[in-house]
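S.K.: dropping a prediction and its sequence here:
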Amino acid sequence: QLQLVESGGGLVQPGGSLRLSCAASGFTFEYHAVGWFRQAPGKAREGVSCINNNGGDTNYADPVKGRFTISRDNAKNTVYLQMNSLKPEDTAVYYCAADTSYLSMCIRWKTDPDYWGQGTQVTVSS
């Protein structure tokens, strides 16, 4: 059964850190780029960070550059998003996604990847 399962969300104070994980199963993980997207209430889903199939290329949206770091462990079928210096505007549901096209999902930020996870809530508030 094909699955992307996110974990690691929660409530954190401004300036704090969280690490999100995306565990994959049921498809050939090492052939897919993996991205993190987020959706705040009343806003469209937007790309946050993305990594190609072997971890050699990454991309970040401007609002998170220098604060978030994406990585992957293909032996564990898992992608991570380390989020530091969190701000209230980072509050959103965070989704991981997988697609065979790094160009499509990670450069053009197309929001119709092959697979989506169910999402994990991140709330940044004092």
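M.R.: Here it is on my side, so go on. Numbering: from 1, shown residues only.
S.K.: need the helix or strand of this protein with the lowest average pLDDT.
M.R.: Lowest by mean pLDDT, DSSP states H and E among the helices and strands of the chain is helix 102, with a mean of 89.
S.K.: now do that one: distance to the chain's middle.
M.R.: How far helix 102 lies from its chain's middle: 14 Å, per CA atoms, centre = their mean, to the nearest Å.
S.K.: over to stretch 43-55?
M.R.: 6 Å.
S.K.: same check on stretch 6-20?
M.R.: 13 Å.
S.K.: can you measure across it, start residue to end residue?
M.R.: This stretch, stretch 6-20, spans 7 Å end to end (CA to CA, to the nearest Å).
S.K.: could you do stretch 96-107 as well?
M.R.: Stretch 96-107: ends 15 Å apart by CA to CA.
S.K.: mind listing what's buried in that stretch?
M.R.: C96, A97, A98, D99, Y102, M105, C106 (16 or more other CB atoms under 10 Å). Quick note: C-beta positions are derived from backbone N, CA and C, even for glycine.
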